[in-house]
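[1] dropping the sequence and predicted coords here.
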Amino acid sequence: MVKGKLNERHTEDIVREHFKNDKLFSKINLEEQISQIPKINKLLKNASKSGGGRGMPEFIITINDEKKLLIVVECKADILKHESKTRDKYKDYAVDGVLLYSSYLSAEYDVLSLAVSGTNKQNIKVSYFLQTKENDNQTRIFGNRLISIDDILSGLRQDTAKKDEKHEQLLEYSQTLNYQLHKLKIKEDKRSLLVSGVLIALENKDFYRDYVGLSSSKILANTLTDTIQEQLNMEDLQGDKIGKLMENYSFIKTHPSLTQPKKTQDLKDLKELIDDIDENINGYVRTYKYYDVLGQFYIEFLRYSNSDKGLGIVLTPPHITEFFTDIVDIKTTDIVLDNCTGTGGFLVSSMKKMIEKCKGDTAQEKTIKASQLYGVEYQPEMYPLAVSNMFLHGDGKSNIFSGSCFDKEIIELSKSKKPTVGLLNPPYKSNKDDIEEFEFILNNLDCLQKHGLCVAIIPMSCVLAQTGERLRLKERLLSKHTLKAVFSMPNELFNNSKVGVVSCIIVATAHIPHPSRKETFFGYFKDDGLYKRKTKGRFDYDDKWRDTKEQWLNLYENNKEKPGYSVTKKVTASDEWCAEAYMQTDYATLTQEDFQDIVNNYVAFGVTHEAI
């Protein structure tokens, strides 16, 4: 008994040292078991873990400038005593005990509960839960490591600067994880599946609690796969789709790097991979919700593989998926269809924007997740990523349909949902037998309600076509729908996917034939403020995108002409649908460097073609 007490004090020492070394320690009050604040003591008066007495948490933390926030900490020496199945063994388990205290303290405070188990600083188990004064829900937040007061406050406030910093760390981790999985000889197309499977399993309370105590990698791999299936079985997926999904995840049970003990210290075993994914990815997803993290990891994992390009898959950068929702000015009542879902980036961004507009209406949020987001995905290796992505963000996961968007059954199913908004990035044609990009746009438009808006990003070559099949498809679009706008996008937009396609965004109104006197808006949106760095890829390093996006939307929504940026023009199918063909040059913005670049490009072109 004494030894157990001593061990638990080791856990308390780890927590105490963590907060005393915090750079904001001077701004917090760290109290043990009893608080100097009468209101806190009053709330804990009947909160004893054994019943019938005062509750005495290991630590009670208040922050000088955050009067409404309280941090309460419970420690256990045994890492296997972190959380019980029922969370009602308050005396014996760290999570159970700290959530009991939270249920009392949340009558007057927003409570961040912190449960810590283990006596080895390098191998402790940590869980954070948030319970606000206005809500009885105890929601898991942050990762599985002790974090700073600054990170706690920034996460609770959804601080933009800190979010950007954490996002950059997440992207750096994607490179680290890719390298680790490469060393473990896990193929590129399996890496995102492994990440998605781990994230799904960690949603299972029993797995999250018990995986650390499983005795071998083989048992853990089997348990992980079984838990994925258990979680998916709870969802209303189509017919035999769970079986098809599990075929994709079956490699986890047989891959030697995941089922056998690690051969050298520099390699990670499965438990360590799960720990890292929980800390680095799950922590971000819990704190900064509605972000297509699987899409970003898919991009990183396939950087050095050609398998995605062979399928024509080009994943849309996240700032553009969010831009799409602004283009349509998405409403909380909209029903969104993406008939080329990929990893689900457009649906995740739509969910995020729609829920922001709910302003806390939880019933409306639930409806959005359950019945206002629909996707179709044909590629069997992409379908599980889309399903798992929606699974991780809420109730929309059962609305990803597996199959071709051109199948009659899928078309009728999509139409039956009465979508009002279509968002898509279709597979890009890589050989003459591939389906034309415009076919996917027309398919989406045909499924939308009348006056619905479709936004798609496609290669610029599609809208420049003046002959052949693409011309016929342009004619078909104008005969049935209205060409509202076309935006010319940055040449290096898809740099992170290692794809050099020059793209444009097309906006069309469904089931309203294009009026002959209609002027279409053309935007020359070539500079989004993002740029690439050698090792980190193309991102918004200087925080320019927000202002740039507002400028673009202002021009588009008001149908404004601005030299160098936008023009309006009556067009037919045989015309080029791009701003470059009609826009006036803003000579005031030209510089000597612009002139020199043109001369250099001209000389390089001459030399290249002379050599040919």
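    Happy to help now that I have it.

[2] now the closest residue to N389 other than its chain neighbours: how far from V198?
    Leaving out its chain neighbours, the residue that sits closest to N389 by Cβ to Cβ, 6 or more residues apart in numbering is G344, at 4.0 Å. Where you see a C-beta, it was placed from the backbone N, CA and C, and this is true even at glycine. For G344, the distance to V198 (Cβ to Cβ, to the nearest Å) stands at 17 Å.

[3] buried sites along the helix or strand D96 falls within?
    With elements taken from DSSP states H and E, the one containing D96 is helix 94-105. Counting neighbours by 16 or more other Cβ atoms under 10 Å, one finds that the buried residues in helix 94-105 are 94-102, 104-105.

[4] can you list the strands that the helix or strand following that helix pairs with?
    With elements assigned by DSSP H and E, the helix or strand that comes after helix 94-105 is strand 110-117. Based on DSSP bridges, the pairing partners of strand 110-117 within the sheet are strand 66-76 (parallel), strand 125-131 (antiparallel).

[5] pull the longest helix from the chain.
    The residue-count maximum for a helix in the chain (DSSP state H) belongs to helix 160-183.

[6] buried ones in it?
    Going by 16+ other Cβ under 10 Å, helix 160-183 has these buried residues: 162-163, 166-167, 170-171, 173-174, 177-178, 180-181.

[7] name the helices or strands packed onto it?
    Helix 160-183 sits against helix 149-157, helix 188-202, helix 270-277, helix 283-287, helix 293-301, strand 537-539, with contacts defined as 3 or more Cβ pairs under 8 Å, 6 or more residues apart in numbering; DSSP states H and E.

[8] ok so, going back, which of the buried residues of helix 160-183 lies closest to A370?
    Minimum distance to A370 across the buried residues of helix 160-183 is 27.1 Å, recorded for K163 (Cβ to Cβ).

[9] what's the spacing between that closest one and E576?
    40 Å.

[10] cool, and G360?
    From G360 to E576 the distance is 47 Å (Cβ to Cβ).

[11] quick one: the helices in the stretch 351-500 of the chain?
    According to DSSP state H, counting those that start in this stretch, the stretch 351-500 of the chain carries its helices in the segments 362-371, 383-393, 408-416, 437-447, 460-464, 468-480.

[12] worst average pLDDT in those helices?
    Of all the helices of the stretch 351-500 of the chain, the segment with the smallest mean pLDDT is helix 383-393, scoring a mean of 82.

[13] so what touches that one?
    With Cβ atoms under 8 Å, 6 or more residues apart in numbering as the test, helix 383-393 has contacts from 192-193, 196-197, 199-200, 203, 231-232, 235, 237, 241, 244-245, 248-249, 285, 289-290, 292-295, 298, 341-344, 347-348, 351, 369, 373, 375, 377, 396-397, 399-400, 402.

[14] got the angle for that helix vs helix 293-301?
    Interaxial angle of helix 383-393 relative to helix 293-301 (axes from the mean of the first three to the mean of the last three Cα atoms, to 10 degrees): 140 degrees.

[15] chain center to helix 383-393, what's the gap?
    How far helix 383-393 lies from its chain's middle: 10 Å, per Cα atoms, centre = their mean, to the nearest Å.

[16] sorry, back to before: reformat the buried residues of helix 94-105 as a markdown table; add distance to R470.
    Output for these, formatted as a markdown table (distance: Cβ to Cβ, whole Å):
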| residue | distance to R470 |
| --- | --- |
| A94 | 62 |
| V95 | 59 |
| D96 | 63 |
| G97 | 66 |
| V98 | 62 |
| L99 | 60 |
| L100 | 65 |
| Y101 | 65 |
| S102 | 60 |
| Y104 | 67 |
| L105 | 64 |
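
[17] circling back to that earlier point, who has more neighbours, G360 and E576?
    Between G360 and E576, E576 has the larger neighbour count (other Cβ atoms under 10 Å), namely 17 against 9.

[18] who touches that one in this structure?
    463-464, 466.

[19] shaky segments in the stretch 101-250 of the chain?
    Judged by pLDDT under 70, the stretch 101-250 of the chain has its weakly predicted residues at 159-161, 236-240.

[20] cool, and the stretch 501-612 of the chain?
    Looking at the stretch 501-612 of the chain by pLDDT under 70, you get 535, 585-591, 594-595, 597-598, 601-612.

[21] mind listing the strands for it?
    503-509, 520-524, 531-533, 537-539, 566-569 (DSSP state E, counting those that start in this stretch).

[22] out of the ones you listed, the one nearest R476 is which?
    Closest approach to R476 among the strands of the stretch 501-612 of the chain is made by strand 503-509 (11.6 Å; Cβ to Cβ).

[23] what packs against the closest one?
    In this structure, strand 503-509 packs against helix 318-327, helix 437-447, strand 453-459, helix 460-464, strand 482-488, with contacts taken as 3+ Cβ pairs under 8 Å, 6+ apart.

[24] next, format these as CSV and append distance to I505 and mean neighbour count.
    Output for the helices and strands packed on strand 503-509, formatted as CSV (distance: least, Cβ to Cβ, whole Å; neighbours: other Cβ atoms under 10 Å):
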stretch, distance to I505, mean neighbour count
helix 318-327, 7, 22
helix 437-447, 11, 23
strand 453-459, 5, 24
helix 460-464, 10, 19
strand 482-488, 4, 22
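
[25] tabulate the ones you listed (JSON lines), appending distance to V116.
    Output for the helices and strands packed on strand 503-509, formatted as JSON lines (distance: least, Cβ to Cβ, whole Å):
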{"stretch": "helix 318-327", "distance to V116": "33"}
{"stretch": "helix 437-447", "distance to V116": "50"}
{"stretch": "strand 453-459", "distance to V116": "46"}
{"stretch": "helix 460-464", "distance to V116": "54"}
{"stretch": "strand 482-488", "distance to V116": "50"}
